[in-house]
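Peer 1: coords please:
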Amino acid sequence: MCDFNKLDDAQKAEYHKQLLEYAESFGGKNFFLQLLEAIRKTKPHPLIAKNSEFRFSRGTIKWSKVIFKDKLTLLLDIRVNESKNGTLLPDKEDKKYKKVLNLLRTLGPIEFNVTPKHLKDGDGFVMKPFEIIDENTTRLNPIFDAIFFCSVDTIKKVLNYEAKL
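Peer 2: Purely as a prediction, here's the structure:
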């Protein structure tokens, strides 16, 4: 999703629709963008929080397992290759293959619960970090990617996208 300009119109429209649904379940575009900005400002990265949660003025993100810095570093590293290869998994001969496979097995089952502070803002949503297509293809969940890694400006473009007629 971070390569939004490289997508075709159908993919752009689909990501726009998906992201808008998630934003609405968190209180709307504005609250959703505030969440993203709070995540970007937090140092160290919120995913390596020892208590497995990220709190900010408009809501909370909780997950069930501590994620260590080495896993986050590897995820950031392989994330770059996904757009080239279409999958997070490197070739089986690659030195990193086993590490990446372990990362996917470790983070794959984790669910991230995103909840707004006030019930009137929405129900929130649950997401997983990966989309498993088949045994050789695993992609980063575009919503997970948007929330934790993409630039806020890119997400604004996605949220404000209007399909060309």
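
Peer 1: Nearest the middle, which residue of the protein would you pick?
Peer 2: Phe144 (1.4 Å; CA atoms, centre = their mean).

Peer 1: Quick check: phi and psi at that residue.
Peer 2: The phi and psi torsions at Phe144 (degrees, to the nearest 10) take the values phi -60, psi -40.

Peer 1: In contact with the residue nearest to it when sequence neighbours are not counted, which residues?
Peer 2: Once flanking residues are discounted, Phe144 sits nearest to Pro129: 4.7 Å by CB to CB, 6 or more residues apart in numbering. C-beta coordinates here come from the backbone N, C-alpha and C atoms, glycine included. Shown in contact with Pro129 (CB atoms under 8 Å, 6 or more residues apart in numbering): Leu107, Gly108, Ile110, Phe112, Leu140, Asn141, Phe144.

Peer 1: do you know how far the fifth one is from Lys12?
Peer 2: I take that to be Leu140. Distance of Leu140 to Lys12, given as CB to CB, to the nearest Å: 17 Å.

Peer 1: cool, the third one as well?
Peer 2: For Ile110, the distance to Lys12 equals 28 Å [CB to CB].

Peer 1: Quickly note the distance from the residue nearest to Phe144 to Asp121.
Peer 2: Applying CB to CB, the value for Pro129 to Asp121 is 24 Å.

Peer 1: cool, and Val158?
Peer 2: Counting by CB to CB, the gap from Val158 to Asp121 is 21 Å.

Peer 1: Show me which of these two is the more surrounded one.
Peer 2: Applying other CB atoms under 10 Å to Val158 and Asp121 shows that Val158 carries more neighbours, namely 22 against 17.

Peer 1: Secondary structure element for that one, which one?
Peer 2: helix 152-159 (DSSP states H and E).

Peer 1: Mean confidence (pLDDT) on that helix, please.
Peer 2: For helix 152-159, the mean per-residue pLDDT is 89.

Peer 1: going forward, begin numbering at 651 instead of 1
Peer 2: I'll keep to 651 as the first residue from here, and by that count the last item is helix 802-809.

Peer 1: contacting residues around it?
Peer 2: 651-652, 654, 662, 665-666, 669-670, 673, 679, 682-683, 686-687, 690, 796.

Peer 1: Flag every buried residue along it.
Peer 2: Thr804, Ile805, Val808, Leu809 (16 or more other CB atoms under 10 Å).

Peer 1: And for stretch 784-793?
Peer 2: Buried residues in stretch 784-793 (16+ other CB under 10 Å): Thr788, Arg789, Leu790, Pro792, Ile793.
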